[in-house]
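A.B. asks: Sequence and predicted structure below; questions after.
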Amino acid sequence: MADSGRITLTLYSRSWCHLCDDMLAGLRVLQARQPFGLNIVDVDSQPALERRFGEFVPVLMHGERELCHYHLDAAAVTDYLRDFR
């Protein structure tokens, strides 16, 4: 769900991934403090994404820039969002 006027990040994940669930939960906490849009993409929904990411999920990206993977780096994401204002 992209929100106009705000940065939108993309979380590449999969449904059976506990690390993905953890990163999403952390992102929801960050969203409450500093609103941003978040698209959640299941890499298993498209063969090209499954090939691209494989087991390298979750991955949080803004466009083609990777912000973090496997675990949420809340400080790095917060700094990135602040710099985007």
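C.D. replies: Perfect, thanks for sending it.

A.B. asks: average pLDDT across the lengthiest helix in the chain?
C.D. replies: Counting residues, the longest helix found in the chain (DSSP state H) is helix 18-33. Average pLDDT, helix 18-33: 96.

A.B. asks: just the helices in the protein please.
C.D. replies: With DSSP H as the criterion, the chain has helices at 18-33, 47-53, 74-83.

A.B. asks: Out of these, which gets nearest to residue 64?
C.D. replies: Nearest to residue 64, of all the helices of the chain, is helix 47-53, at 11.5 Å by CB to CB. Bear in mind the C-beta positions are built from the backbone N, C-alpha and C, glycine included.

A.B. asks: Check which residues of that closest one are buried.
C.D. replies: 49, 53 (16 or more other CB atoms under 10 Å).

A.B. asks: try stretch 32-47
C.D. replies: Result for stretch 32-47 [16+ other CB under 10 Å]: buried residues 36, 38, 41, 42, 43.
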